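Q: next come a sequence and a model predicted from it.
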Amino acid sequence: MASEFDFIIVGGGTAGSVLAARLTENSDVQVLVVEAGEDLTADPRIKVPTMWPQLQATDADWKLKTVPQKALGNREILIPQGRLLGGSGALNGMVFAPPAQEELEAWADLGNPGWDWDGVSKYLKKTYTLTSGAKTEGDGVLQLNIPDEETKWPQVWRDTFAGLGFPAGNEPFSGQIHGVVSYPDAVHPVTKTRSFSGNAYLAPARSRPNLTVWAGVSVDRVLFEQTPDSAIATGVQYTKDAKMQTVTARKEVLLCAGTFYSPKILELSGIGDAERLQKLGIDVVVDNPYVGENLQNHPLCSITFEVGGDDDEAEGFETIDAIARQDPTALGAAMEAYKTEQRGPFSQTNFNVTAHIPFPGIATDDGKQDLDQILEKHTGTTTTNVPGSKTTREYATAHQSLIRSVLNSPTGASGYYTHFPGWAYFGPTVLHHRRDAEVLARHVRFLESSLAAAPPLAGRLKHRRQEVAAPSGWPRGFSGHLDEARRFVRETAIGAMHVTGTCSMMPREKGGVVDPRLRVYGTRNLRVVDASIMPFTTRANTMATVYGIAEKAADMIRAGL
Ligand SMILES: Cc1cc2nc3c(=O)[nH]c(=O)nc-3n(C[C@H](O)[C@H](O)[C@H](O)COP(=O)(O)OP(=O)(O)OC[C@H]3O[C@@H](n4cnc5c(N)ncnc54)[C@H](O)[C@@H]3O)c2cc1C
């Protein structure tokens, strides 16, 4: 094994694989990728879109579980994270949701020049080739596909939102993310297999003599040489076959270990809150109390309805719940359609048609007043257990439709998981700000009382189904009662897997860990390049933005060579 490289990339996940491919385009640099998990790129559980949940809770998942969450009635929440080449992008839901323009403008306004819409969206564009019907756009290596609409549900969805006065046709890459948006799947348009940085970026680069990939090797910490004005990263310490070893970086160490592990590696390397590190017996290299802070994760609630309508109108209103509960006949038919025609529920995410709506009622005086009161009162303080995965007999006979509410602008949590005695505490807080819980409660009430009651959707739904994840006998329905909606949120909300923010890019005095060139404050040649650098999370799924971040970072690093 060589013991010296120009760049060491820690984590061969979504961002790390992009960096590895881009940096090795220059044959003069030697790059090492160190990935804790294995290479499962050919595994059907990665390739077949609908099989994505099956890698969770296996060795390809870090299997994180929170401590009991106070705001969620002391429930513990599972947070899957990819532990394999390709990272979370190899086991995620594949919905490719670009950020909104105003989010990136807010990043730039925070003190991050170059990270506005113009400065990031051009890098996002470099990533993909988008196919929609007969139309193709872009020439990036990642293959995106807007799936054919094989049921009438997407049209019913659009018509219902249009009837409620929301825009129903925004382009996903326009930066204008309001109302109904149909996002692409990160699925190859022809083979209908997952396209992710592991097979689109990393695999083709692996034949290059200047790229070395170590899979199944875990990095423990970054090694430094101290100078009077900054720390210089000289390499990393890693564990292989239970033996500690080191490898040298001639130019830079690039941390791409994701939102939970990049800050953890920083802290184990001596970069973090000095007092806390000293208590843990870690020599302090840079005192920065913000490492590991500002965790953001979209909280999520699901409401389930039995699908109704006369039998002679059922065509086009099929659901995928039989597949979710592993019904052998449904699985067989879906697999046959997938194998022979690359069609059917196995060929797509089944999650790509969404709607982004503002605070319910914000256009009315009452709604504005309600929001003002929430903000006034709470600002300043400011398992995926999907029905079907734990099915009941009652579920097994019903077709159902799931409407999901995801709070898109959660408040950053302070004091989460890397700060623990003995490295055993994992406590990312879901909905720990009352403001978030209050807003989400209004959204789920809106879903039940307004959206599900509006035509044409209302005509396709029969009645609420029991939420399997809920302990106390839902559904009663909220009947417009906010207290019931609050209780529903407390009993059923989980975290979506969109974790960001723990090595935030912003001025140090505002809580930053990395500067706009993604260099860790106090160091000369250590960068973080992954979802953890987002100072505010994006309003939808995070993967697309991670690709943009990685492409932009690769350009900045290459410019410095
Ligand atoms: C189950 C799930 C579903 C999701 N669904 C979607 C979706 O549909 N759409 C969407 O946009 N986003 C989705 N996301 C979020 C999206 O996948 C992530 O935001 C994105 O992949 C994060 O990329 P990253 O590079 O920051 O981290 P990752 O891709 O997770 O990469 C981090 C890598 O670092 C490795 N690593 C960690 N510690 C070490 C160490 N000490 N030594 C060596 N290697 C290490 C990890 O094993 C991992 O491979 C989902 C996430 C999950 C987990």
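A: It's in.
Q: which residue, other than its chain neighbours, is closest to the residue of the chain at minimum distance from the ligand?
A: Closest to the ligand within the chain is Gly13: 1.8 Å, counting by CB to the nearest ligand atom. In short, each C-beta sits where N, CA and C put it, glycine included. In this structure, Gly13 finds its nearest non-sequential neighbour in Gly87, 2.0 Å apart by CB to CB, 6 or more residues apart in numbering.
Q: hey, which helix or strand in the chain has the poorest pLDDT?
A: Between all helices and strands in the chain, the lowest mean by mean pLDDT, DSSP states H and E belongs to helix 393-396, at a mean of 33.
Q: all helices of the stretch 451-561 of the chain, in order?
A: Ranges of helices in the stretch 451-561 of the chain, per DSSP state H, counting those that start in this stretch, are 457-460, 482-492, 543-559.
Q: give me the low-pLDDT residue ranges for the chain?
A: Within the chain, the segments meeting pLDDT under 70 span 1, 309-313, 379-430, 463-476.
Q: which strand in it has the most residues?
A: strand 243-255 (DSSP state E).
Q: kindly provide the distance from the residue sitting nearest the centre point of the chain to His378.
A: With distances taken as CA atoms, centre = their mean, the residue of the chain nearest its centroid is His498 (2.9 Å). Counting by CB to CB, to the nearest Å, the separation of His498 from His378 is 22 Å.
Q: how about Gly332?
A: Going from Gly332 to His378 by CB to CB gives 51 Å.
Q: mind checking which of those two has more residues around it?
A: Each of Gly332 and His378 has its neighbours counted (other CB atoms under 10 Å); His378 has more, 17 against 10.
Q: against His356, how distant is the residue nearest to Ala496 when sequence neighbours are not counted?
A: On the basis of CB to CB, 6+ apart, the spatially nearest residue to Ala496 that is not a chain neighbour turns out to be His298, at 4.1 Å. His298 sits 12 Å away from His356, going by CB to CB.
Q: so the two - more neighbours on which side?
A: Between His298 and His356, counted using other CB under 10 Å, His298 has the larger neighbour count: 26 against 20.
Q: hang on, the earlier thing: what's the angle from the longest strand of the chain to helix 543-559?
A: Interaxial angle of strand 243-255 relative to helix 543-559 (axes from the mean of the first three to the mean of the last three CA atoms, to 10 degrees): 90 degrees.
Q: what is strand 243-255 packed up against?
A: strand 4-10, strand 218-226, strand 231-240, helix 258-268, strand 526-528, helix 543-559 (3 or more CB pairs under 8 Å, 6 or more residues apart in numbering; DSSP states H and E).
Q: could you give the angle of the third one to strand 4-10?
A: Relative orientation of strand 231-240 and strand 4-10, computed by the same axes, to 10 degrees: 80 degrees.
Q: so what's the residue count around Val513?
A: 31.
Q: correction: the previous question concerned Ala330.
A: Ala330 is flanked by 17 other residues according to other CB under 10 Å.
Q: which one is it nearest to, not counting chain neighbours?
A: In space, Ala330 is closest to Ala322, 3.6 Å off (CB to CB, 6+ apart).
Q: okay, and the one you found sits in which element?
A: Element membership for Ala322, per DSSP states H and E: helix 321-324.
Q: any idea how far that helix is from the chain center?
A: 24 Å (CA atoms, centre = their mean, to the nearest Å).
Q: which helices and strands does that helix pack with?
A: Applying 3+ CB pairs under 8 Å, 6+ apart, one finds that helix 321-324 contacts helix 328-341.
Q: continuing past the helix it packs on, what's the next helix or strand?
A: According to DSSP H and E, the helix or strand after helix 328-341 is strand 353-356.
Q: so is that following strand next to the ligand?
A: No - judged by CB under 6 Å from any ligand atom, strand 353-356 stays clear of the ligand, getting no closer than 10.8 Å.
Q: mind listing what's buried in the next helix-or-strand element following that strand?
A: Scanning forward in sequence from strand 353-356 by DSSP H and E, the next helix or strand is helix 365-378. Residues of helix 365-378 classed as buried under the neighbour-count rule (16 or more other CB atoms under 10 Å) are Asp370, Leu371, Ile374, His378.
Q: and if you look at stretch 28-45?
A: Result for stretch 28-45 [16+ other CB under 10 Å]: buried residues 29-37, 39-41, 43, 45.
Q: may I see the buried residues of stretch 65-74?
A: Buried-residue list, stretch 65-74, by 16+ other CB under 10 Å: Thr66, Val67, Gln69, Ala71, Leu72.
Q: just the residues you listed now: which is nearest Phe96?
A: Proximity of the buried residues of stretch 65-74 to Phe96, judged by CB to CB, is greatest for Thr66, which lies at 27.2 Å.
Q: before we move on, the earlier item: redo the buried residues of stretch 65-74 as JSON lines? Include secondary structure.
A: Formatted as JSON lines, those follow (DSSP: H, G, I helix; E, B strand; the rest coil):
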{"residue": "Thr66", "secondary structure": "coil"}
{"residue": "Val67", "secondary structure": "coil"}
{"residue": "Gln69", "secondary structure": "strand"}
{"residue": "Ala71", "secondary structure": "helix"}
{"residue": "Leu72", "secondary structure": "helix"}
